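Participant: Fold the following for me, if possible:
(2 chains)
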Protein chains: 2
Amino acid sequence: MRIVGVDFGGTTFTVGLVDAESGEILREEQHETRAWEGFEKITSRVAEVVNFIKEDAEAVGIGSPGSILNGVVKFSPNLPDWRDVPLADRVRELTDLPTFVENDANAFVLGEKWFGAGKGYDHIVALTLGTGVGGGVITHGILLKGYLGIGAELGHVIVEPNGPKCGCGNYGCLEAIASATAMVRMAKELKDEFPNSEIFKSNEISARVIMDAARDGDELGRKIRDRAIDALARAIAGFAHIFNPQIVILGGGVSRAGDVLLKPLRKKVKGYLMPSFINTFEVVISPLLDKAGVLGAASVALENLRR
Amino acid sequence: MRIVGVDFGGTTFTVGLVDAESGEILREEQHETRAWEGFEKITSRVAEVVNFIKEDAEAVGIGSPGSILNGVVKFSPNLPDWRDVPLADRVRELTDLPTFVENDANAFVLGEKWFGAGKGYDHIVALTLGTGVGGGVITHGILLKGYLGIGAELGHVIVEPNGPKCGCGNYGCLEAIASATAMVRMAKELKDEFPNSEIFKSNEISARVIMDAARDGDELGRKIRDRAIDALARAIAGFAHIFNPQIVILGGGVSRAGDVLLKPLRKKVKGYLMPSFINTFEVVISPLLDKAGVLGAASVALENLRR
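Facilitator: Next up, the predicted model:
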């Protein structure tokens, strides 16, 4: 079976034709979203690309930022005019294919379950560490969405009481400490204190630059990395105590740091676990890398067709 | 249908004959556990009481402290020799009735779902605030147990990094701040600083005494209560972001404080929520009171028979 996966974002969208058995992406196209064009125009272009690429595909799966319920985008931070827009219905009409939509963090955990590190598991916690911190949870084989479909907001558990202000309005959320945005913000705030840090020698400060500096022994880099890792570790231990998962999977830009992130994180997580939870699960980085978006999106359709 | 519910504890056990339709407890007996007598003797006495009270009951449900999987108690903090003991099988043999066992916090949330504040709900978060802080979660209609059945340890999320030491070995767990035990410990630790507190005028310091003192304006009482409420509020907001529940239900001794706890707690929780979660759920105190144990235990059987 073939599925079209649409990894939809505020800046670009990627459409891929996925072989559901092998997880191979047979064809792929990336286009600009042009958020300012509005729902009708953007979805017309998305559907055009889907129709161009779909061949004998049986369904379309879409991963999109925002709060999504039953195929309707309630709102999306990067697409300000998208309020209660029927994304699934619209793409279904224009492509004549069954279409299913989930938010991108839910799509990510489904992608891991169908094609990635979560294959064969019924208890998975996934975190995407990017501009924000997204969460996706499979528990007892079910995608956790909650009563109104707005659950699994793992990035907004409070890990530092009275900590830094988060985009959501609260203080000390995981996202306010461990997202790429938060790490860059912290570097800028500490510039006066660490004027000679390697971080400020690069043209653009990014999570990548900070993690690289940390790896090379830069004091400010280490400070920011260690704080992010400590926050992540406390949050992951909490999720483990709550979900008793088989695996915790990290994705998103920050996770690309690899072992420099993973090794100290695993150690810290262990330190925050109750004895009975030690060695009951693994913490890994998504093996899907650049394919995570399209495969996650395709998995949204697979998960719905399976039911 | 009638069910025998066994609320089993380290000090006493209570056996009740429950009418499953009305939730009425038709007969009830309480006995001492005598933990030192060991598994065989204790379970013989439990079964004896079940047989005495069972009439035309169709099943037995047991709520027991400890880590429980498939009717087997893996370990139980108050019953030190209970390691991998087949509690369900043993009681089934001695009573000739289908017998089902869950840990007491899971039994509590099931009791709320079948007979209490969670009736008709598929998304429930429950916390028992007693000697420890227990957690029970129903998500998408399913009792959350996790991979090895040891999940829903909501009392062991970290709410104060580097906070007070918890019985589990970690620091700053919810249980280390908001349990009755933690509140009493904090009072004792602060005796030198608040020698004239009302709390130290009572014969025995208890969570009740502390909450009463707080209500009457005692400075130390307020300090301890406010810290517990703040920790609880952060944890509850986190559980809401994770589970997007319809209701959060509090039980256990500390919850008996009623409005003195509930009113400031609700306000604090609201302050820690993302905007989209405000007014999506209620925080309530269990209406089952003294019946929570037996009705929760009976619900363990009902939940299993329903499947």
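Participant: Which parts of the stretch 201-307 of chain A are helices?
Facilitator: Secondary structure of the stretch 201-307 of chain A (DSSP state H, counting those that start in this stretch): helices located at A:207-215, A:219-243, A:259-271, A:292-306.
Participant: for those helices, which one ends up most surrounded?
Facilitator: Mean neighbour count (mean count of other CB atoms under 10 Å in any protein chain shown) peaks for helix A:292-306 among these, with a mean of 26. Bear in mind the C-beta positions are built from the backbone N, C-alpha and C, glycine included.
Participant: Now do it: which elements does it pack against?
Facilitator: Counting contacts by 3 or more CB pairs under 8 Å, 6 or more residues apart in numbering or on different chains; DSSP states H and E, helix A:292-306 packs against strand A:2-8, strand A:12-19, strand A:25-32, strand A:59-64, strand A:99-103, helix A:104-115.
Participant: The longest one to strand A:59-64, inter-axis angle?
Facilitator: Here the directions of helix A:104-115 and strand A:59-64 differ by 140 degrees (axes from the mean of the first three to the mean of the last three CA atoms, to 10 degrees).
Participant: hmm, the helix or strand that helix A:104-115 is followed by touching chain B?
Facilitator: Per DSSP states H and E, the first helix or strand lying C-terminal to helix A:104-115 is strand A:124-129. No: for strand A:124-129, no contact with chain B is found by CB under 8 Å from any CB of the partner chain; the gap never falls below 9.7 Å.
Participant: Partner strands of strand A:124-129, with direction?
Facilitator: When pairing is defined by DSSP bridges, strand A:124-129 lines up against strand A:133-139 (antiparallel), strand A:247-251 (parallel).
Participant: what residues does that strand touch?
Facilitator: A:104-105, A:108-109, A:112-113, A:118, A:133-138, A:154-155, A:178-180, A:232, A:235-236, A:239-240, A:243, A:245-255, A:286 (CB atoms under 8 Å, 6 or more residues apart in numbering or on different chains).
Participant: just stretch A:66-85 next, same as before
Facilitator: A:9-11, A:33, A:35, A:38-39, A:64-65, A:86-89, A:99-103, A:148-150, A:167, B:276.
Participant: Narrow the residues you listed to those that are buried.
Facilitator: A:9-10, A:33, A:35, A:39, A:64-65, A:86-88, A:99-103, A:148-150, A:167, B:276 (16 or more other CB atoms under 10 Å in any protein chain shown).
Participant: Was I right to think A:Leu148 contacts B:Thr280?
Facilitator: Yes: with contact defined as CB atoms under 8 Å, A:Leu148 counts as touching B:Thr280 (6.1 Å).
Participant: Can you check which residues contact both of these two?
Facilitator: Common neighbours of A:Leu148 and B:Thr280 (CB under 8 Å, 6+ apart) are B:Asn244.
Participant: so what's the closest residue to A:Val294 other than its chain neighbours scoring on pLDDT?
Facilitator: Of all residues not flanking A:Val294 in the chain, A:Gly16 sits nearest, at 3.6 Å (CB to CB, 6 or more residues apart in numbering or on different chains). pLDDT, A:Gly16: 98.
Participant: surely A:Gly16 meets A:Gly5?
Facilitator: Yes: between A:Gly16 and A:Gly5 there is a contact under CB under 8 Å: 5.0 Å.
Participant: Just give me the neighbour total for A:Leu127.
Facilitator: If you count neighbours by other CB atoms under 10 Å in any protein chain shown, A:Leu127 ends up with 30.
Participant: Please report how far it lies from chain B.
Facilitator: 12 Å (CB to the nearest CB, to the nearest Å).
Participant: and what of A:Ile42?
Facilitator: 23 Å.
Participant: What strand or helix carries that residue?
Facilitator: helix A:38-53.
Participant: Phi first, then psi, for A:Ser202.
Facilitator: As for A:Ser202, its main-chain torsions (degrees, to the nearest 10) stand at phi -90, psi 160.
Participant: Now do the contacts for it.
Facilitator: If you count contacts by CB under 8 Å, 6+ apart, A:Ser202 has them with A:Val209.
Participant: how many other residues sit next to the spatially closest residue to A:Gly63 that is not a sequence neighbour?
Facilitator: For A:Gly63, ignoring the flanking residues on the chain, the nearest one in space by CB to CB, 6+ apart is A:Ala107 at 3.0 Å. A:Ala107: 36 surrounding residues under other CB under 10 Å.
Participant: Same question for A:Ala178.
Facilitator: Residue neighbour count, defined by other CB under 10 Å, stands at 28 for A:Ala178.
Participant: do the same with A:Glu40
Facilitator: Residues contacting A:Glu40 under the criterion other CB under 10 Å number 10.
Participant: could you measure it against chain B, distance?
Facilitator: Going from A:Glu40 to chain B by CB to the nearest CB gives 25 Å.
Participant: got the domain boundaries for chain A?
Facilitator: A:2-111+A:291-306, A:120-287 (automatic domain parsing).
Participant: Dump these into TSV; add distance to B:Ala214 as well.
Facilitator: Listed next are these as TSV, based on distance: least, CB to CB, whole Å:
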stretch	distance to B:Ala214
domain A:2-111+A:291-306	38
domain A:120-287	20
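Participant: Tell me which of those approaches B:Glu189 most closely.
Facilitator: domain A:120-287 (19.6 Å; CB to CB).
Participant: Name the surrounding residues that touch stretch A:16-33.
Facilitator: Stretch A:16-33 has contacts (CB under 8 Å, 6+ apart) with A:1-5, A:7-15, A:42, A:45, A:49, A:52-55, A:57, A:79, A:114-115, A:291, A:294-295, A:297-298, A:302.
Participant: Closest to the centroid, which residue in chain A?
Facilitator: Nearest to the mean C-alpha position of chain A, by CA atoms, centre = their mean, lies A:Thr128 at 3.3 Å.
Participant: residues in contact with the closest residue to chain B within the stretch 151-300 of chain A?
Facilitator: Nearest residue of the stretch 151-300 of chain A to chain B: A:Asn244, at 2.4 Å (CB to the nearest CB). Counting by CB under 8 Å, 6+ apart, A:Asn244 touches A:His123, A:Phe277, A:Thr280, A:Phe281, B:Lys145, B:Gly146, B:Tyr147, B:Leu148, B:Gly149, B:Ile150, B:Gly151, B:Ala152.
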